[in-house]
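# Coordinates for the following, if possible.
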Amino acid sequence: PPEPALAVSGGGKDFASKDWSGNDFSGRKDLAGKDFSGCIARGTKFDGADLRGARFFKADLFEATFDGANLSGASLEGAALKKTSLRNAVLVEAYISDSIDEAGDFTGADFTDALMPGIVQKRLCENRGDLGAANPKTGVTTAESLMCP
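Okay, the predicted model is just below:
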């Protein structure tokens, strides 16, 4: 019988459940909608990549960098984000869970309309010292995008 169709985030499972540690996906424009679920991407570079709608569900992203990446509409739910850099990343309407607390650098990250638990948003506003910078692409500060008081 034919293989079942894969329609995960519109991009198939080509990156899911594989070890991409140490790889460099920087600047890639062909990663929108791709599925990285359950992958191991420790120390992997996604700087400046187009990752709109990509899925990183339960991915191990320890020390990965997404500096300047477009993660709009991406799913980071359950991803291990310890020491992950999101400097100047665009995370508009992204899906985020409490692991975002462990991320390293938020400077200039835009979380406008991102979906995250309210308690997580509150903790970020109260505990992070890197929320004042504006995102160079959107002009919105991290604090504004998180609706910090």
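# Tell me who's in contact with the closest residue to Glu102 other than its chain neighbours.
Nearest residue to Glu102 in three dimensions, chain neighbours excluded: Lys82, at 4.3 Å (CB to CB, 6 or more residues apart in numbering). For glycine as for every other residue, the C-beta is placed from the backbone atoms N, C-alpha and C. Lys82 makes contact with 62-63, 99, 102-104, according to CB atoms under 8 Å, 6 or more residues apart in numbering.
# now do Cys39
Per CB under 8 Å, 6+ apart, neighbours of Cys39: 15-20, 56, 59-60.
# The same query, at a cut-off of 10 Å, please.
13, 15-21, 55-61, 79 (CB atoms under 10 Å, 6 or more residues apart in numbering).
# With adjacent residues omitted, what lies nearest to it?
Take Cys39 and drop its neighbours on the chain: the residue closest to it by CB to CB, 6+ apart is Ala59, 4.9 Å away.
# wait, doesn't that neighbour sit right on Leu51?
No: with contacts counted by CB atoms under 10 Å, Ala59 stays clear of Leu51, the gap being 11.6 Å.
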